[in-house]
Every structure is written in C-alpha cells, then in structure tokens.
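Chemist: Model the structure of this input:
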Amino acid sequence: MTIPILFSLLSIFLTLLHPSSGDTLPEDIFILAGESNMAGWGGVTGSKWNGYVPPQCRPNPSILRLSAHFTWSEAADPLHADIDVNHVCGVGPGTCFASAIKSKDPKLGWWGSCPAPWVAPRSRNGPAGPTWESDTVVRADAKAYKRNMEKLIRDIRTDLNNPSLPIIQVALASGKGKFVNTVRRAQLGITPPNVKCVDAKGLDLKTDHLHLTTTSQHHLGSLLADAFLASQ
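Modeler: Down below sits the predicted model:
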C-alpha cells in the first residue's frame, strides 16, 4: 500500500485515521494535509459554494474519501466539508489529483484520500488569530521554515516507519506578510530524498488574492498527479 502525503501551504496538522473494519479499503491512501487551499475554496463566494465541479474531477466509484466519521465513501467535492467545519469549502486539488492519476495510469486500483484538518498555529502570545500564516508574517518563522519542514518530514517518516515515504509539497501561490518569498525559496529548496515540490505560483487567484480558483485547483491537481507519477 502506498501512503503519499501532499503538503499544501504553511501549517500541517496530520491526523492518523483508522477506518472501520466493514469498509471497502483502498489500495493506495493519500493524506491531504494543509490549510484553506488544500481544503479548497474554489467556487466559494462569501458563505456559499456555487456547486460547480470540473468534468475531469467528478466522482469515480474507485476513488474514496475517509469521512470525519471514519468511514470510506465515494469521494466528491467538497472533500473537506465535514472536516473543515468552520468554513464553507468548495473545490480543492484532491479529487482533480486522484482523477488525473486514474486517467493517466488506469492500472491503479482503489484509491483513498484522508482530508486532514488544519488549525491556526499558536504565536508566542497565544492564538495567532487572523494572521495564521505566521511563517510569512514573522521573520524568524520564515527563516526557520526549511529546517522545521525537513524535521517534520523526518519525524513523519520515522513515526510511520517508512524512510522513503513519498511527499509532495506545494510552493506558495500567495500569502500574507512580507516573507512570502523567503518561505517560497525554502519550499523550493527542500532537500530530503523522495520529496517533490510543485510550484503553484502563477495560477489564477480569486478576488481575495489568496485562494485558488476552481480552474486553478483543477490545474494544481494535474500538476500533483504528474509529480506523483514521475516519482514511481
């Protein structure tokens, strides 16, 4: 069984999930860990999602998701609807990623995605509040990003007893604060083996200048699929 991890944006909150014994279990599991662009705000305006899913990203019976109730079911956007319950979710890269791989390599069997929740990191003075992207806001955090991320990768691989666990990170397409480029350089310079970085810079953003559009999420999913297939 393959269990790659896709990292998106800055803070990672990884939850180990255990499906119930009666579920149809996927052959390959992908943990989707990140923040709002991994949860997906494509098609969301204000407090409403428009319901549009690109044809290439629509449900496939062999692509599953692990719900907040720890049961496997057919994956459909919004993948994180019952995970990121404090926000309105729309289209993210997850279903587009899985669909792209299935179309490019039909030999792959049942797939499962584990949407992982994200939380605002705590600052030195308590909850970070609206400035949860502390790595791009605080100079010291930006400078420590590469070291901290490489340690996180080592720790996850150690905990899972898999020193070659495939990991794909998405380099920032946007961000708040003065240190976005510092973090981007760190992301693009991650050095552990079997870690790939997909650059989201240049993908279209919504009017908030932070979140990817539905079309961009579809494109990002395809880029992630290409990166995964190239690592096999």
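Chemist: Tell me how far the biggest helix by length in the chain lies from the chain's centre.
Modeler: Across the chain, the longest stretch assigned as helix under DSSP state H is helix 139-159. Centre-to-centre, helix 139-159 and its host chain are 17 Å apart (Cα atoms, centre = their mean, to the nearest Å).
Chemist: Could you identify the helix or strand that succeeds it?
Modeler: Per DSSP states H and E, helix 139-159 leads on to strand 167-171 as the next helix or strand towards the C-terminus.
Chemist: what mean pLDDT would you report for that following strand?
Modeler: Averaging pLDDT along strand 167-171 gives 92.
Chemist: tell me what that strand is packed against?
Modeler: strand 5-8, helix 139-159, helix 180-188, strand 195-199, helix 214-230 (3 or more Cβ pairs under 8 Å, 6 or more residues apart in numbering; DSSP states H and E). Every residue, glycine included, has its C-beta placed from N, CA and C.
Chemist: want to throw these into JSON lines with mean neighbour count?
Modeler: Below are the helices and strands packed on strand 167-171 laid out as JSON lines (neighbours: other Cβ atoms under 10 Å):
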{"stretch": "strand 5-8", "mean neighbour count": "26"}
{"stretch": "helix 139-159", "mean neighbour count": "16"}
{"stretch": "helix 180-188", "mean neighbour count": "18"}
{"stretch": "strand 195-199", "mean neighbour count": "18"}
{"stretch": "helix 214-230", "mean neighbour count": "21"}
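Chemist: of all these, which lies closest to F30?
Modeler: Judged by Cβ to Cβ, the one of the helices and strands packed on strand 167-171 that comes nearest to F30 is strand 5-8, at 6.3 Å.
Chemist: Test my guess that P61 contacts E74.
Modeler: Yes - between P61 and E74 there is a contact under Cβ atoms under 8 Å: 6.0 Å.
Chemist: Identify the residues contacting A200.
Modeler: Applying Cβ atoms under 8 Å, 6 or more residues apart in numbering to A200 gives the contacts 37, 170-173, 212, 216, 220, 223.
Chemist: Likewise for A186?
Modeler: Contacts for A186 (Cβ under 8 Å, 6+ apart) come out as 142, 145-146, 149.
Chemist: ditto for K107
Modeler: K107 touches nothing, counting by Cβ under 8 Å, 6+ apart.
Chemist: where's it, which helix or strand?
Modeler: With DSSP H and E as criterion, K107 is part of no helix or strand.
Chemist: which stretch in the helices and strands packed on strand 167-171 has the least confidence?
Modeler: Across the helices and strands packed on strand 167-171, strand 5-8 gives the lowest mean pLDDT, at a mean of 49.
Chemist: Name the next helix or strand downstream of it, please.
Modeler: The helix or strand immediately downstream of strand 5-8 is strand 28-33, counting by DSSP H and E.
Chemist: got the angle between that following strand and strand 167-171?
Modeler: On the basis of axes from the mean of the first three to the mean of the last three Cα atoms, to 10 degrees, strand 28-33 is oriented at 30 degrees to strand 167-171.
Chemist: Which positions in the following helix or strand past strand 28-33 come out as buried?
Modeler: Using DSSP H and E, the helix or strand that follows strand 28-33 in sequence is helix 36-39. Of all the residues in helix 36-39, those buried under the rule 16 or more other Cβ atoms under 10 Å are 36-39.
Chemist: and helix 36-39, what does it pack onto?
Modeler: Where contact means 3+ Cβ pairs under 8 Å, 6+ apart, helix 36-39 is packed against strand 5-8.
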